[in-house]
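Visitor: Give the three-dimensional model of this entry:
(one chain, ligands or ions: 2)
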Amino acid sequence: MKEIFLLKLGEIVLKGANKRQFEARLRQNVRRRMKRFGNFDVYIMQSTVYVEPKDEEADVDGAWEACHSIFGVVSLCRSRPCEKNMGAIFEAVENYLGEDLDCAKSFKVESKRSDKAFPLTSIQISQEIGGRLADAHPSVRVDVRNPDYTVFVEVRDFAAYVHGPAEPGAGGLPTGVGGRAMVLLSGGIDSPVAAYMIAKRGVEIEAVHFFSYPYTSQLAKDKVVELARLVTRYSGRMTVNIVSFTEIQETIRDNCPEEYFTLIMRRFMMEISQKLALRDGCGALITGENLGQVASQTMEAMAVTGAAVDLPVFMPLVGMDKEEIVTIARKIGTMETSILPYEDCCTVFTPKHPKTKPTLGQVLHAEQALDRQTLIEHALSSVEKIKVSYHDDESVL
Ligand code: ATP
Ligand code: MG
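Guide: Numbers count the residues shown, from 1 in each chain. Ligands and ions are numbered 1, 2, ... in the order given. Below you'll find the model as predicted:
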């Protein structure tokens, strides 16, 4: 029997004049995500996206699972559509939700009527369906205050829909309504979470990874590509720019005071990332920096690193505790890959006593020994671009 998913829109509903544009984008995103699961009709009415399988071949469970990672959806439910009369509604509830109801101790019915021509009010619908259900399931009592299970009835324009409790959606705003940004993706716990958080605000994501072969291994690179792939479950496809960083790191090591190694290196990362970002239409950079976590993440160090670029630098984790970050990493499924033990290039030439309170003047002075622009151009001349999307399951690792 036919099922339709109802995806409820979150903040989009508040967006006034932009609402149409936001809705169109969400519909397009849902359509794209549903493609691999068969033929689905996707349409929006009354702040709800309807996802309707068109034939028996559709992979309904796969599609349902995928709907949970679409930004812009605040909650979702699987529903059974039926004709708009009380007999048909009761029958649909009974057939579709009867078994779930029998597993509960108590229940209530909650109704919504957006079709105001329907002859009963919401309260009358709930009372009548509730009464009939109580008769049909004498072991489950009615409890309108604190029920174990709630039956929902929605009488909408084209049909009535019955469903059980909704599940939480991915929240946020539809991918693409907030522009595009480039994340500096290391192999750590933080940067994939940072990418996810900005993606959640409707931003398309591209990534850059700095790679120091032979100091860091092919496995370290594969790990980062895999992390990017895991983030695309939410963000949609992205391109990972792999930048060879060995020459820059060796040149810094050979020419600059050790206490500034990390800072100078990070300023190179920022400047190269900005150049790639501008080429790829990105309006901001994203990092996983977190105040006070390591020497290069003091306020003074962040000022020095940030001064290397003009684009806004988003640091969504800046005020979070590690535990909070780890909770999100587990939720989005990046944690296990992040803790695989491969070296990141940041740990290759780590100074014993890094400057925690640098000034920009000191760092600019330390950089004078370098031909920065030539090094940057050289690094940019051999960027490898790897396209990733969640369902390229043959990917690495
Ligand atoms: P993460 O867990 O994301 O690795 P971290 O706590 O280890 O972060 P750092 O190593 O100081 O912190 O790096 C700070 C930020 O710089 C990272 O979150 C990431 O955005 C960026 N970054 C660090 N190393 C790389 C790299 N090899 N390639 C790209 N970006 C990097
Ligand atoms: Mg790191």
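Visitor: Distance check, whatever residue of the chain ends up closest to ligand 2 against residue 317.
Guide: Evaluated by C-beta to the ion, the chain has residue 188 as its residue closest to ligand 2, separated by 3.4 Å. The C-beta positions use only the backbone N, C-alpha and C, and glycine is treated the same way. As for residue 188, its distance to residue 317 is 11 Å (criterion: C-beta to C-beta, to the nearest Å).
Visitor: Between the two, which is the more surrounded one?
Guide: It is residue 317, of residue 188 and residue 317, that has more neighbours when counted by other C-beta atoms under 10 Å, with 24 against 18.
Visitor: what kind of secondary structure is that one in?
Guide: coil (DSSP: H, G, I helix; E, B strand; the rest coil).
Visitor: does it really touch residue 290, like I thought?
Guide: Yes: contact between residue 317 and residue 290 holds when scored by C-beta atoms under 8 Å: they sit 4.9 Å apart.
Visitor: Show me whatever sits in contact with both of these two.
Guide: By C-beta atoms under 8 Å, 6 or more residues apart in numbering, residue 317 and residue 290 have these common neighbours: 190, 325.
Visitor: Enumerate the residues of the stretch 101-250 of the chain near ligand 2.
Guide: Of all the residues in the stretch 101-250 of the chain, those in contact range of ligand 2 (C-beta under 5 Å from the ion) are 186, 188.
Visitor: Going by proximity to ligand 1, name the top residue of this structure.
Guide: Of all residues in the chain, the one sitting closest to ligand 1 is residue 188 (2.2 Å; C-beta to the nearest ligand atom).
Visitor: Show me which residues of the stretch 251-397 of the chain sit near ligand 2.
Guide: Within reach of ligand 2 by C-beta under 5 Å from the ion, the stretch 251-397 of the chain has these residues: residue 344.
Visitor: Under the pLDDT cut-off, which ranges of the stretch 251-397 of the chain? List them.
Guide: 345-348, 392-397 (pLDDT under 70).
Visitor: Kindly report the residues of it close to ligand 1.
Guide: Where the stretch 251-397 of the chain comes near ligand 1, counting by C-beta under 6 Å from any ligand atom, the residues are 269, 287-289, 293-294, 296-297, 344-346.
Visitor: Select the longest strand from this protein.
Guide: In the chain, assigned by DSSP state E, the strand with the most residues is strand 73-82.
Visitor: Averaged pLDDT, whatever helix or strand comes next after that strand. What do you get?
Guide: Later in the chain than strand 73-82, the nearest helix or strand by DSSP states H and E is helix 86-102. The average pLDDT within helix 86-102 is 96.
Visitor: What segments of the stretch 101-250 of the chain are helices?
Guide: When secondary structure is read from DSSP state H, counting those that start in this stretch, the stretch 101-250 of the chain shows helices at 122-136, 190-200, 218-235, 246-255.
Visitor: Let me have those in JSON lines, extended by mean neighbour count.
Guide: Rendered in JSON lines, the data for these read as follows (neighbours: other C-beta atoms under 10 Å):
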{"stretch": "helix 122-136", "mean neighbour count": "16"}
{"stretch": "helix 190-200", "mean neighbour count": "26"}
{"stretch": "helix 218-235", "mean neighbour count": "22"}
{"stretch": "helix 246-255", "mean neighbour count": "17"}
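Visitor: one step back: from residue 335, how far out is the residue of the chain closest to ligand 1?
Guide: For residue 188, the distance to residue 335 equals 11 Å [C-beta to C-beta].
Visitor: Residue 326 too?
Guide: As judged by C-beta to C-beta, residue 326 and residue 335 stand 7 Å apart.
Visitor: Next: residue 354.
Guide: When distance is defined by C-beta to C-beta, residue 354 is 27 Å away from residue 335.
Visitor: now do residue 103
Guide: Look at residue 103 and residue 335: by C-beta to C-beta, they are 33 Å apart.
Visitor: who has more neighbours, the two?
Guide: When residue 103 and residue 335 are compared for neighbours, residue 335 comes out ahead with 18 against 9, by other C-beta under 10 Å.
Visitor: My guess is that one contacts residue 329. True?
Guide: Yes: in this structure, residue 335 is within contact of residue 329 by C-beta under 8 Å, at 4.0 Å.
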